[in-house]
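Undergrad: I would like to see how this sequence folds:
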Amino acid sequence: MNLPKFLLKRWHGMHHVWAFVLMIVLTIALAWYEWIAGLAALVLTFAVGVLSLLAERAFRRDLKSYLGTISYRVKKVGNEVVSDLPFGILIYNEDNVIEWHNPFVAEMLERDTVIGVPLAEALPTWQPAKEKETLVELSIGSRIYELIVKSEERLVYIRDITLRWTTQKKYEEEKLALGIVMMDNLEEVTQGMDDQQRAALLSRVTSAITDWAQRYQLYIKRLTSDRYLLITNQMTLKQLEHSRFVILDEVREMTHEQKIPMTLSIGFAAGAESNIELGQWAQMSLDIALGRGGDQAAVKVGQRQSFYGGKSNAVEKRTRVRARVVAHALRDMIKESDKVVIMGHKMPDMDSVGAAIGVLKAARLFDKEAYIVLEGVNPAIQKMIEIIKEDERIYKRFITPDQALGMISPHTLAVVVDTHKASMVKEPRLLTLTDRIVVVDHHRRSEEFITNPLLVYMEPYASSTCELVTELLQYIHDRVLLDVTEATSLLAGIAVDTKSFSLRTGARTFEAASFLRRNGADTGLIQRMLKEDLEEYIKKAEVIKHAEIMYDHIALAVTEPGKKYSQLLIAQAADTLLNMTDVMASFVIGERTDGQIGVSARSLGSINVQIVMERLGGGGHLTNAAAQLEGSTAQVKEQLKAVLAKIEQEEGLFE
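TA: All right, here's what the predicted structure looks like:
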């Protein structure tokens, strides 16, 4: 056996031992390496933690130092900002005493400090409200301030808005205002004049209008022989309103030598969203002025409608052309309708019922089904209705508002007589169920008007609505024959509104009465309608007994508290007072049977009682007006006296 083979055998015998030894060595080496690596990682982690802690402590120290510097700077800047703020800050306590304010407030009030001063003393024109947050404008000296009040925090922010306020005011003052001036009775004044006299009169009036326009820096443009366009701004319009449109008096006085003085009607408008709307407002204002009888100015600024003038009665139109045109239009509308429903005003009088019977006759002439809306009978028409009941053919045409609501259709013609206010008719809902509406009225037009009527016949010069309806009947059909009840009802309405033809009568009033008399109107029946009850007469005397005289020519009577009277009796008392010596106007205040306070006003013409009643929420004519108010007779008396005092101060009407 040679040595290599021997060694090889020995190696094969020992290789398991060496492998085991090698494995142990390797295991020990690996374990030692892992321990060394773990120790190194632990040392490294500890070192990183220590360094991080040291870095964080250094950062906190530097940050604290920096923040301290910032806090000081912010506090310093904050104090400077509060001191130099362009608005004020004010804090008050529960007793409304100022606890703190910034320098702006002291500068605003021109005092060193107002700390400890009550709000009522520092800001006398303002007191804190209970609302959580309120916005108040305050004038101090020549400056305007806006206060934002936070009541829960008892904190007030104050801003100077003088520049904004003056700019806005200037903007509003420079807004466009349009006006239309019209000679409202040119044809009546110049009737009978030759061309030379007419030209001379027009020249005088035109010169006066032009001088007035130059005086107020108005741009004036002549549109027609009797109409002018005016362009100005709202600031000038305010001046015109303050002057109460003196041109109205100037033109009337300069033409007083004429049989009929020349009068003007003026319509002005401002504050519309567009120029087109502004022009429509100006025309509408002129229409209102004309509808109220002319000789006045109607001004519409935004939602406000104001009236100036109206010192003279409406001039009676001598031509019946308009009556004929309206009659033909009404005839066509009746023919095109399926039926006709006629309404007067609440608490109807003889003029309202008589006019309704006249329109009923017009509908029957064309074989149309027609009805009169009436609910309840008041003392003013009680005797009239008793007489109408004797004519079954007419009385069965009276229906209640509920019955009218059940029969009206979009093709029904609704005719409103003796009023032009939707709120005054007995059933306003009827006017919403048809677009075919006709208005016939003799009252001066007010701001409230029935919406979009197809036909309007309003003539303030007329004595009554019965007079207007009587004229329409003469033109609506070739041959009109009235029966006794119809003619008597129409004549009764005229008689009541003219106080038996003693007031507000013109030539056309007597012509209408003559036509009715020829058609069988019975004056004896009218006397039965107008008869007074003895007990009612005694009540009227009791009311008159308490009358007092104001401004030397105005009689004012107030009924006793707790006693209720009919509106008819209150009106009759005012009529009776007007018959007293030196009395030019009378007012009677009384509690009505429905609980409201009624005011009846009468005048001989020199005092416009319509203006007085309009300021109390009522209306009517220059010589005959009324109002209904809530409250007590004593409260209404004080309101009326305040209105009379204001009118006397403004215009001196009662001198």
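Undergrad: thought Met350 was touching Gln382?
TA: No - if you go by CB atoms under 8 Å, Met350 and Gln382 don't touch, sitting 10.5 Å apart. Backbone N, C-alpha and C define where each C-beta goes, glycine included.
Undergrad: quick one, which of the two is more surrounded?
TA: Per other CB atoms under 10 Å, whichever of Met350 and Gln382 has more neighbours is Met350, with 26 against 13.
Undergrad: got the contact list for the more buried one?
TA: By CB atoms under 8 Å, 6 or more residues apart in numbering, the contact set of Met350 is 380-381, 384, 489, 492-493, 495-496, 529.
Undergrad: please list only the buried members of those residues.
TA: Taking 16 or more other CB atoms under 10 Å as the criterion, what is buried in these is 380-381, 384, 489, 492-493, 495-496, 529.
Undergrad: next step: those restricted to helices.
TA: 384, 489, 492-493, 495-496, 529 (DSSP state H).
Undergrad: between these, which is nearest Val583?
TA: Val496 (20.9 Å; CB to CB).
Undergrad: what's the closest non-adjacent residue to that closest one?
TA: Spatially, and ignoring its direct neighbours in sequence, Val496 is nearest to Met350 (4.5 Å; CB to CB, 6 or more residues apart in numbering).
Undergrad: Arg602: what secondary structure?
TA: Following DSSP: H, G, I helix; E, B strand; the rest coil, we place Arg602 in the strand state.
Undergrad: equivalent analysis for Thr232, please.
TA: What three-state DSSP gives for Thr232 is strand.
Undergrad: and the gap between it and Val558?
TA: 45 Å (CB to CB, to the nearest Å).
Undergrad: over to Lys175?
TA: Note on Lys175: its distance to Val558, by CB to CB, is 45 Å.
Undergrad: more neighbours, these two?
TA: Val558 (21 against 15).
Undergrad: count of neighbours near the closest residue to the more buried one other than its chain neighbours?
TA: Excluding the flanking residues, the one nearest Val558 by CB to CB, 6+ apart is Ile589, at 4.7 Å. Counted by other CB under 10 Å, the residues lying close to Ile589 total 27.
Undergrad: for beta bridges, what are the partners of Ile589?
TA: Beta-bridge pairing for Ile589 (DSSP bridges): Val558, Val599.
Undergrad: isn't it up against Ser632?
TA: No - contact criterion CB under 8 Å: Ile589 and Ser632 do not qualify, at 9.8 Å.
Undergrad: residues shared between the contacts of the two?
TA: Common neighbours of Ile589 and Ser632 (CB under 8 Å, 6+ apart) are Ile597.
Undergrad: returning to that earlier point: so which one among the ones in helices among the buried ones among the contacts of Met350 has the lowest pLDDT?
TA: Across those, the member with the lowest pLDDT is Met529, scoring 87.
Undergrad: how close does Ala272 get to Gln283?
TA: Distance check for Ala272 against Gln283: by CB to CB, it reads 12 Å.
Undergrad: now could you export just the CA positions of the helix or strand hosting Glu107 as PDB?
TA: Glu107 belongs to helix 103-109 when elements are defined using DSSP states H and E. What follows is helix 103-109, C-alpha atoms only, in PDB (Å, rounded to 0.1, in the frame of the first residue of the first chain):
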ATOM      1  CA  PRO A 103     -58.300 107.200  19.300                       C
ATOM      2  CA  PHE A 104     -60.600 107.400  16.300                       C
ATOM      3  CA  VAL A 105     -63.600 107.800  18.500                       C
ATOM      4  CA  ALA A 106     -62.000 110.600  20.500                       C
ATOM      5  CA  GLU A 107     -61.000 112.400  17.300                       C
ATOM      6  CA  MET A 108     -64.500 111.900  15.900                       C
ATOM      7  CA  LEU A 109     -66.200 113.400  19.000                       C
END
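Undergrad: next SSE downstream of it?
TA: Criterion used, DSSP H and E; the element after helix 103-109 is helix 119-122.
Undergrad: chain center to the following helix or strand past that following helix, what's the gap?
TA: Sequence order places strand 133-140 as the next helix or strand after helix 119-122, per DSSP H and E. Distance of strand 133-140 from the chain centroid (CA atoms, centre = their mean, to the nearest Å) equals 26 Å.
Undergrad: spit out the contact partners of the residue nearest to Val558.
TA: 556-559, 570, 597-599, 633, 636-637, 640 are the contacts of Ile589 under CB under 8 Å, 6+ apart.
Undergrad: hmm, try it at 10 Å
TA: Contacts of Ile589 were listed using CB atoms under 10 Å, 6 or more residues apart in numbering, and they are 543, 556-559, 570, 573-574, 597-601, 627, 629, 632-637, 639-640.
Undergrad: from the residues you listed, which would you call buried?
TA: Buried among the contacts of Ile589 (16+ other CB under 10 Å): 543, 556-559, 570, 573-574, 597-601, 627, 629, 633, 636-637, 639-640.
Undergrad: give me phi/psi at the most centrally placed residue in the chain?
TA: Nearest to the mean C-alpha position of the chain, by CA atoms, centre = their mean, lies Gln303 at 5.3 Å. When read as degrees, to the nearest 10, the backbone of Gln303 gives phi -90, psi -10.
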